[in-house]
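**Student:** Can you look at this prediction? I've put the sequence above it.
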Amino acid sequence: MKFIRIKNCYKVYKNGVAAVADLTLDIDKGEFVFVIGASGSGKSTLIKMLYREEKPTKGVVEIGGINVGKLRNRTVYKLRRKLGIVFQDFKLLPKLTVYENVAFALECMGMKGKDIRPKVIKALEHVGLKDKTRSFPNELSGGEQQRVCIARAIVNDPKLLICDEPTGNLDPKTSKEIMKVLEDINKNLGTTIVMATHDKEIVNSMKKRVIVLDNGVLIEDHPVGTYKAKES
């Protein structure tokens, strides 16, 4: 059974816009997959359907055998506890330290303090920020803030890490550093990563699987390699 299974999936918004059209896609456990396309291609909608911010209008979205679209609203939190999500805007709590921001994700799950510390330290080690535990977000660079977000996303050892334009606000050098962190997580932890991006330079340098959407339709699926295309 495929880890992520999307079959004949459609998403039509109330205003009539068809964001995803008849999308069928399988992703294996441990894969690193880029989702790429021009603005309005449907990549953000696909990402949102994976963590159930949006529900498919028709078709199936399954993660680990769970039909995500069929989940009741009150049970969505159970799915999200098994996922890690990294956004373009860092969404850090400004009055909490690096340690507290990462620990907060576990506290919300009701985990006890003695169990939280080793998990937080381990997550910060993975992103190279073990020495920044007492720093506040405004004392960090943009790249460091995004590393905190990644640590927060992996602190509960998720099987799937969903990244929505995680380098969108970063310069090219910092973007490469963030991609190295993500690649290490994928290789060393076996975490499946699905990342939406518009950064073709990153896509072409990483040589991972590339899914290309256009007006909600899957037009290309490169198993391993680069994606060369006109600028959107």
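**Tutor:** Everything's here; your move. Residues are numbered from 1 along each chain as shown.

**Student:** Does Cys9 belong to a helix, a strand or coil?
**Tutor:** Secondary structure for Cys9, judged by DSSP: H, G, I helix; E, B strand; the rest coil, is strand.

**Student:** so is the nearest residue to it once chain neighbours are set aside in a helix, a strand, or just coil?
**Tutor:** Nearest residue to Cys9, sequence neighbours excluded (Cβ to Cβ, 6 or more residues apart in numbering): Gly59, at 3.4 Å. For every residue, glycine as well, the C-beta is placed using N, CA and C. Counting by three-state DSSP, the backbone at Gly59 sits in strand.

**Student:** OK, contacts around Gly59?
**Tutor:** Listed by Cβ atoms under 8 Å, 6 or more residues apart in numbering, the contact set of Gly59 reads Ile6, Lys7, Asn8, Cys9, Tyr10, Asp22, Leu23, Gly69.

**Student:** Which members of those are the farthest-apart pair?
**Tutor:** Using Cβ to Cβ, those span at most 15.1 Å, a distance reached by Asp22 and Gly69.

**Student:** quick one on the thing from earlier: can you tell me which of the contacts of Gly59 is nearest Ile116?
**Tutor:** Gly69 (32.3 Å).

**Student:** Tell me the pLDDT of that closest one.
**Tutor:** Looking at Gly69, its pLDDT stands at 92.

**Student:** before we move on, back to that, compare Asp22 and Gly69 (neighbour count), which wins?
**Tutor:** Gly69 (18 against 14; other Cβ atoms under 10 Å).

**Student:** From the contacts of Gly59, which one has the minimum pLDDT?
**Tutor:** Across the set of the contacts of Gly59, Gly69 stands lowest in pLDDT, at 92.

**Student:** Wait, that residue touches Lys58, no?
**Tutor:** No: counting by Cβ atoms under 8 Å, Gly69 stays clear of Lys58, with 9.2 Å between them.

**Student:** Report the contact partners of Leu83.
**Tutor:** When contacts are counted by Cβ under 8 Å, 6+ apart, Leu83 is found next to Leu50, Tyr51, Ile63, Pro158, Lys159, Leu160, Leu161, Ile162.

**Student:** can you do 6 Å?
**Tutor:** By Cβ atoms under 6 Å, 6 or more residues apart in numbering, Leu83 lies in contact with Tyr51, Pro158, Leu160.

**Student:** can you pick the most crowded of the residues you listed?
**Tutor:** Going by other Cβ under 10 Å, Leu160 tops the contacts of Leu83 with 21 neighbours.

**Student:** And that one, its phi and psi?
**Tutor:** With angles defined as degrees, to the nearest 10, Leu160 sits at phi -130, psi 130.

**Student:** what do you get for Asn138?
**Tutor:** Phi and psi for Asn138, reported as degrees, to the nearest 10, are phi -70, psi -10.
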